[in-house]
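Undergrad: mind folding the following:
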Amino acid sequence: MSRVGKHPVEIPAGVNVVLEGGVLKGKGKNGEFGFRLHESVSAEIVDNKIIFKPCGEDKVSRSMWGTSRAIVAKAVRGLSEKFTKKINFVGVGYKASVQGKKLIMQLGYSHDVVFEIPDDLQMTCESPTVVTISGADSQRVGEIVKRLQRFRPLEPYKGKGIVIEGQYVYRKEGKKK
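TA: Numbers count the residues shown, from 1 in each chain. Sure, this is the predicted structure:
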């Protein structure tokens, strides 16, 4: 039995969610979402709450029950408040700046790395070495953070690279003489 699926999803003020033919559609101040329910899960909207129920007692129904609830809960939360992640540029000369819809990064290469900011996300530079990425979709924010981190992955010997705030850097010991 799913422990996650049992809990209803609260719909915050300012968010409108509609169930149409097995598709949950939501709209809020930060955007909109659409989620097609798995055929083994049903949902209903009662008193500003979304209640999920499995259609059977098999393993697929129970697993999709909790998964569907978790995905919709994150999407509804993103419509009322934005998800935010910070990345730090650690290294001599590593810095970034936002110019219009472009993030320009200096990462020790012979050229600047230019990254086009997607329309559904916002990026701000608090300082030259800290960039904040925010958006309504948690998965999209994480995807863009990981894509940026690929330009300069963490280097375990000196700890240089693009670091997600709160991420543990596993440091290795260097060569001994």
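Undergrad: C-alpha from now on. contacts and neighbour counts both.
TA: OK.
Undergrad: state the distance from residue 170 to residue 160.
TA: To residue 160, residue 170 is 11 Å away according to Cα to Cα, to the nearest Å.
Undergrad: show me which of these two is the more surrounded one.
TA: Counted by other Cα atoms under 10 Å, residue 170 and residue 160 do not tie: residue 160 has more neighbours, with 17 against 10.
Undergrad: my understanding was that the more buried one contacts residue 93; is that so?
TA: No. Counting by Cα atoms under 8 Å, residue 160 sits too far from residue 93 to count as a contact (10.9 Å).
Undergrad: tell me, what residue is most central in this structure?
TA: Note on the chain: the residue nearest the mean C-alpha position is residue 138, at 2.3 Å, using Cα atoms, centre = their mean.
Undergrad: please name the bridge partners of the closest residue to that one other than its chain neighbours.
TA: Among residues not flanking residue 138 along the chain, residue 83 sits closest, at 5.8 Å (Cα to Cα, 6 or more residues apart in numbering). Beta-bridge pairing for residue 83 (DSSP bridges): residue 135.
Undergrad: can you give me the strands in the chain?
TA: With DSSP state E as the definition, the chain shows strands at residue ranges 9-10, 16-20, 23-28, 31-36, 41-46, 49-54, 83-90, 95-99, 102-106, 113-116, 121-127, 130-135, 161-164.
Undergrad: so what's residue 90 up against?
TA: By Cα atoms under 8 Å, 6 or more residues apart in numbering, the residues touching residue 90 are 129, 159, 160, 161, 162, 163.
Undergrad: how much space between it and residue 141?
TA: 21 Å.
Undergrad: cool, and residue 91?
TA: Look at residue 91 and residue 141: by Cα to Cα, they are 24 Å apart.
Undergrad: so between these two, which is more surrounded?
TA: Between residue 91 and residue 141, counted using other Cα under 10 Å, the more crowded position is residue 141 (21 against 15).
Undergrad: in its sheet, what does the helix or strand bottoming out on mean pLDDT in the chain sit against?
TA: Least confident helix or strand of the chain, by mean pLDDT, DSSP states H and E, is strand 31-36 with a mean of 88. Strand pairing for strand 31-36, using DSSP bridges, gives strand 23-28 (antiparallel).
Undergrad: how far off centre is the strand it pairs with?
TA: From the chain centre to the centre of strand 23-28 is a distance of 18 Å (Cα atoms, centre = their mean, to the nearest Å).
Undergrad: list the buried residues for it?
TA: Applying a neighbour-count criterion of 16 or more other Cα atoms under 10 Å, one finds 24, 25, 26, 27, 28 buried in strand 23-28.
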